[in-house]
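# Everything below, folded, please.
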Amino acid sequence: MSPTNDIWTDIAPIHDAVVRHPFLTGLTDGSLPEDAFARYVVQDSLFLVEYSRALALCAAKSPSTTQLRMFCAHATEAIDVERALHEQLMSRLGIDAERAAATGPTPACLGYASFLLQACALRDFHEALGAIVPCYWIYWEVGKELVAKGSPDPRYRLWIDTYGDESFGEAVTGVLRACDVALGAVGASAASAARRNAVTAARYEWLFWDSALRDERWPV
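This next block holds a predicted model:
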């Protein structure tokens, strides 16, 4: 069994909780309140800027030029491709882009972004990959499941189609391959550290959607 299969074994229960979450079931049956989706889109736009920085740090630590090119490309795409998606969604949701950019991150958004940045900046390459893999893998798996179900709301369907797209699957496959190589080159203790990072990141994935649904705010 490959090292990434071990990671999936660890995060599969969290993925199962994600697909059962009312935010995601509400996307497919159209019952998700528009305000909750709007909050998610704004926070995701803030998060992806920091996620791009984390990917750039992975690029800097990459041991091969192939991985260097891949993570540089993904860092760029996180800014350009995802921004284009968010701009479309914000327009359809009536969200002012400048006001959205000035919005502060929620505790979940800031916590997730900070976790990824410290893992990618301060830890070894294999631990950095452990931290970023769930964002790729869970979105891919969720996207495939949601595409099969569709949505009566065209705005929700636009988001679903993005992550169920074949080109996104190719990007995920490349990262999983890099993770297999990195974890295959380290010992059991180091691989366990990467797997712990993956579990933490997967929990943040669940929390990110949950925080949008319940309108999470700073208590003070």
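# Go through the lowest-mean-pLDDT helix or strand in the chain and flag the buried ones.
Ranking every helix and strand in the chain by mean pLDDT, DSSP states H and E puts helix 97-102 at the bottom, with a mean of 80. By 16 or more other C-beta atoms under 10 Å, the buried positions in helix 97-102 come out as A100. Any C-beta I mention is one placed from the backbone N, CA and C, and that applies to glycine too.
# L207 contacts L110, correct?
No: assessed by C-beta atoms under 8 Å, L207 is found out of contact with L110, at 11.5 Å.
# Quick check: which element contains the most centrally placed residue in the chain?
The centroid of the chain falls nearest to C135 when counting by C-alpha atoms, centre = their mean (3.0 Å). Secondary structure from DSSP states H and E places C135 in helix 125-149.
# Counting by contacts, list what that helix packs against.
Where contact means 3 or more C-beta pairs under 8 Å, 6 or more residues apart in numbering; DSSP states H and E, helix 125-149 is packed against helix 3-20, helix 22-29, helix 34-61, helix 107-122, helix 154-163, helix 166-184, helix 188-213.
# Compute the distance from the centre of the first one to the centre of its chain.
Its chain's C-alpha centre lies 14 Å from the corresponding centre of helix 3-20 when counted by C-alpha atoms, centre = their mean, to the nearest Å.
# Could you list the buried residues of it?
By neighbour count on 16+ other C-beta under 10 Å, the buried set for helix 3-20 is P3, T4, I7, W8, D10, I11, I14, H15, V18.
# Would you format these as a markdown table with distance to V49 and pLDDT included?
A markdown table is the format used below for the buried residues of helix 3-20 (distance: C-beta to C-beta, whole Å; pLDDT from 0 to 100):
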| residue | distance to V49 | pLDDT |
| --- | --- | --- |
| P3 | 30 | 85 |
| T4 | 27 | 90 |
| I7 | 26 | 95 |
| W8 | 28 | 95 |
| D10 | 28 | 97 |
| I11 | 24 | 97 |
| I14 | 24 | 98 |
| H15 | 25 | 97 |
| V18 | 23 | 97 |
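# now, the most widely separated pair of those residues?
P3 and V18 (22.0 Å; C-beta to C-beta).
# hmm, back to that, wait, the residue nearest to the centre of the chain touches T200, no?
No: if you go by C-beta under 8 Å, C135 and T200 don't touch, sitting 11.7 Å apart.
# mind checking how far S211 is from F47?
Separation of S211 from F47 (C-beta to C-beta, to the nearest Å) stands at 11 Å.
# next one: N5
For N5, the distance to F47 - C-beta to C-beta - is 27 Å.
# What of T9?
From T9 across to F47, the span is 26 Å (C-beta to C-beta).
# low-scoring stretches of this protein, by residue?
Scanning the chain for pLDDT under 70 picks out 1.
# ok, the nearest residue to L129 once chain neighbours are set aside - how many residues close by?
Spatial nearest neighbour of L129, excluding adjacent residues (C-beta to C-beta, 6 or more residues apart in numbering): C179 at 4.5 Å. Residues near C179, counting by other C-beta atoms under 10 Å, number 25.
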